[in-house]
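J.: please work out how this folds:
(one chain, ligands or ions: 1)
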Amino acid sequence: VKKLSHLFGPVPSRRLGRSLGVDPLSFKTCSYDCLYCQLGVTTCKTVQRKEWVPLNEILDELSPALESRPDYITLSGSGEPTLYGPMGELVRGIKTRTDTPIALLTNGSLLWKEDLREALRDVDLACVSLDAADEQTFRTVNRPHEDVPFDRMLQGLVDFRKEFKGQYWLEILLLDGLSDSDEHVASLVECVRKINPDRVQLNTVSRPPAEQIARAVPQDRMFELAQRFEPHAEVIADFRGTHDMPEFVAGRKEVLRLLQRRPCTVDDIARGLCMHVNEAVKYLEELGTKGLLTKTQTAGRLYYSAAPE
Ligand code: SF4
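T.: The predicted structure is shown next:
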């Protein structure tokens, strides 16, 4: 896995194959502060779209990184990628350099902005999140910026569907006891009907035993809930951990070795091992699904440790 500052990977992605990540933000710049965020607390909560990092720096890194022949170039990053002001220029810049399809992972909070929808026109696949079906659950789970009321966000998802010609996958992340009740899922089914995405994918958090804040929905319940959507949702939560790119396995071992020495935040891991924070998150996800991690919350920071043998 190459070490670059605005790109990361390719990393294995269950949905996207080998994904080369593009991070157009400074660390943890987001319109939300989700309870389950693996990057930790949002340090810059904003709805301001601007050029957080220079466009030419990102594009200069891209050409050599394409030699790794990724399946997707994925706009994601250490926060919410649609906060990047020159998004249209970024998408066009990628398209002039490669035919590799572009995926966008977005929390969907800003899709009510018409200029953003226009900027995303040439993206091939949009994976849009929706974790709540009402204002109260939205505030509890996603803790959005005050300028993102639930109704406006939902309308943005609906409007984007009408205009966007690429694939539109809606990802719903459910949390045990917070958003997985029968009533709430029935309301989510209604939201999905309004949005009309190409696919609906259900996820939950990976589940190290000591998770205290955001708990995973059990596997059986996930499959049962998936049947309530029309068409049926796919369960994308990875309950086993199946990624096996050789360079990825090597990185995972490095992270585990570090965590056997001392507890670390995701940021500590990224700094300590000179990797992008999103790569560190990928390794942690894998280790979590294999039951090799514990998490603890200390002074508002999330620490990972190796599980006792
Ligand atoms: S939207 Fe994504 S990056 Fe932002 S807080 Fe939620 S999980 Fe973290």
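J.: distance of Leu130 relative to Lys45?
T.: From Leu130 across to Lys45, the span is 19 Å (CB to CB, to the nearest Å). To be clear about C-beta, it is placed using only N, CA and C from the backbone, and glycine gets the same treatment.
J.: can you map out the strands along the stretch 151-300 of the chain?
T.: 167-174, 199-204, 234-235, 293-298 (DSSP state E, counting those that start in this stretch).
J.: now the last one: how far from the chain's centre is it?
T.: Taking CA atoms, centre = their mean, to the nearest Å, one finds strand 293-298 lying 20 Å from the centre of the chain it belongs to.
J.: and the following helix or strand past that strand with strand 293-298, angle?
T.: The first helix or strand that comes after strand 293-298 along the chain, using DSSP states H and E, is strand 301-306. Computed by axes from the mean of the first three to the mean of the last three CA atoms, to 10 degrees, the angle separating strand 301-306 from strand 293-298 equals 150 degrees.
J.: contacts for stretch 172-191 next, please.
T.: Contacts to stretch 172-191, defined as CB atoms under 8 Å, 6 or more residues apart in numbering, come from residues 35-36, 129-134, 137, 140-141, 154, 192, 200-205, 214-218, 221-222, 225, 228-230, 233.
J.: in helices only, show me those residues.
T.: Per DSSP state H, helices hold the following members of the contacts of stretch 172-191: Thr137, Thr140, Val141, Leu154, Val192, Arg221, Met222, Leu225.
J.: mind picking the two most distant members of those?
T.: Farthest-apart pair in those is Leu154 and Arg221; separation 24.6 Å (CB to CB).
J.: ok, those two, which is more surrounded?
T.: Shown here are Leu154 and Arg221; by other CB atoms under 10 Å, Leu154 has more neighbours (21 against 15).
J.: that older thread, the strands of the stretch 151-300 of the chain: which one's closest to the ligand?
T.: strand 167-174 (8.2 Å; CB to the nearest ligand atom).
J.: buried ones in that closest one, by neighbour count?
T.: The neighbour-count check on strand 167-174 (16 or more other CB atoms under 10 Å) flags Tyr168, Trp169, Leu170, Glu171, Ile172, Leu173, Leu174 as buried.
J.: dump the residue contacts of the first one.
T.: It stands for Tyr168. Tyr168 makes contacts with Ala126, Val128, Phe160, Arg161, Pro197, Asp198, Arg199, as judged by CB under 8 Å, 6+ apart.
J.: and the nearest residue to it once chain neighbours are set aside, how many neighbours?
T.: Nearest non-adjacent residue to Tyr168, counting by CB to CB, 6 or more residues apart in numbering: Pro197, 4.6 Å away. By other CB under 10 Å, the residues close to Pro197 number 20.
J.: Pro197 reaches Cys127, doesn't it?
T.: No - the pair Pro197 / Cys127 is not scored as a contact, 9.7 Å apart, by CB atoms under 8 Å.
J.: which residues are common contacts for these two?
T.: Common neighbours of Pro197 and Cys127 (CB under 8 Å, 6+ apart) are Trp169.
J.: so Leu287 is in contact with Val255, correct?
T.: Yes - using CB under 8 Å, Leu287 is in contact with Val255, at 6.7 Å.
J.: ok, the two, which is more surrounded?
T.: The neighbour comparison of Leu287 against Val255 (other CB under 10 Å) goes to Val255, with 27 against 22.
J.: who touches the more buried one in this structure?
T.: Ile269, Leu273, Ala280, Tyr283, Leu284, Leu287.
J.: then Tyr304?
T.: For Tyr304, the contact set (CB under 8 Å, 6+ apart) comprises Pro208, Leu259, Pro263, Cys264, Thr265, Val266, Ile269, Leu284, Leu293, Thr294, Lys295.
J.: please redo it, this time with the cut-off set to 10 Å
T.: 38, 208, 210, 255-256, 258-259, 263-266, 268-269, 280, 283-284, 287-288, 292-296 (CB atoms under 10 Å, 6 or more residues apart in numbering).
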